[in-house]
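Q: Show me the folded form of this:
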Amino acid sequence: MMHDMMMQGGMHGGWFAAWPWLALWILLKLTIGALMITGLILAVRWLRRETSGRSLATPLEILKTRYARGELSREDFDAMKRELERS
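A: Residues are numbered from 1 along each chain as shown. Down below sits the predicted model:
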């Protein structure tokens, strides 16, 4: 009987003794993977917000650009600028 237990890994050996450490290792790997994916998603969202915030022109900048292109007269530019400053 003792010989049979030794051949199957015994009461304190083999897979029976290693499974808690294996489960802990798998849990650690899954946690690290989840943290890496979460960090990547947050980084992409942050970068998108940063780049989209810079590309938006203010109404005054658009007005100045249109005036510089010659689309507006000086009177139209001044009137629209005053309107923007009021709102």
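Q: Just give me the longest helix of this structure.
A: Counting by DSSP state H, the longest helix found in the chain is helix 15-55.
Q: quick one: average pLDDT of it?
A: For helix 15-55, mean pLDDT rounds to 87.
Q: and that helix, how far out from the chain's middle?
A: 11 Å (CA atoms, centre = their mean, to the nearest Å).
Q: And the helix or strand that it is followed by, how far out from the chain middle?
A: Remark: after helix 15-55, the chain's next helix or strand is helix 59-69, criterion DSSP states H and E. Taking CA atoms, centre = their mean, the mean C-alpha location of helix 59-69 is offset from the chain mean by 34 Å.
Q: helices or strands up against helix 59-69?
A: With contacts taken as 3 or more CB pairs under 8 Å, 6 or more residues apart in numbering; DSSP states H and E, helix 59-69 sits against helix 74-86. All C-beta spots, glycine's among them, are computed from the backbone N, C-alpha and C.
Q: So which other helices or strands are in contact with the helix it packs on?
A: The contact analysis (3+ CB pairs under 8 Å, 6+ apart) places helix 74-86 against helix 59-69.
Q: The helix it packs on vs helix 74-86, what angle?
A: Relative orientation of helix 59-69 versus helix 74-86 (axes from the mean of the first three to the mean of the last three CA atoms, to 10 degrees): 170 degrees.
Q: and helix 59-69, average pLDDT?
A: Taken as a whole, helix 59-69 has an average pLDDT of 92.
Q: can you pull the buried residues of it?
A: Using 16 or more other CB atoms under 10 Å as the test for burial, helix 59-69 gives Leu63, Tyr67.
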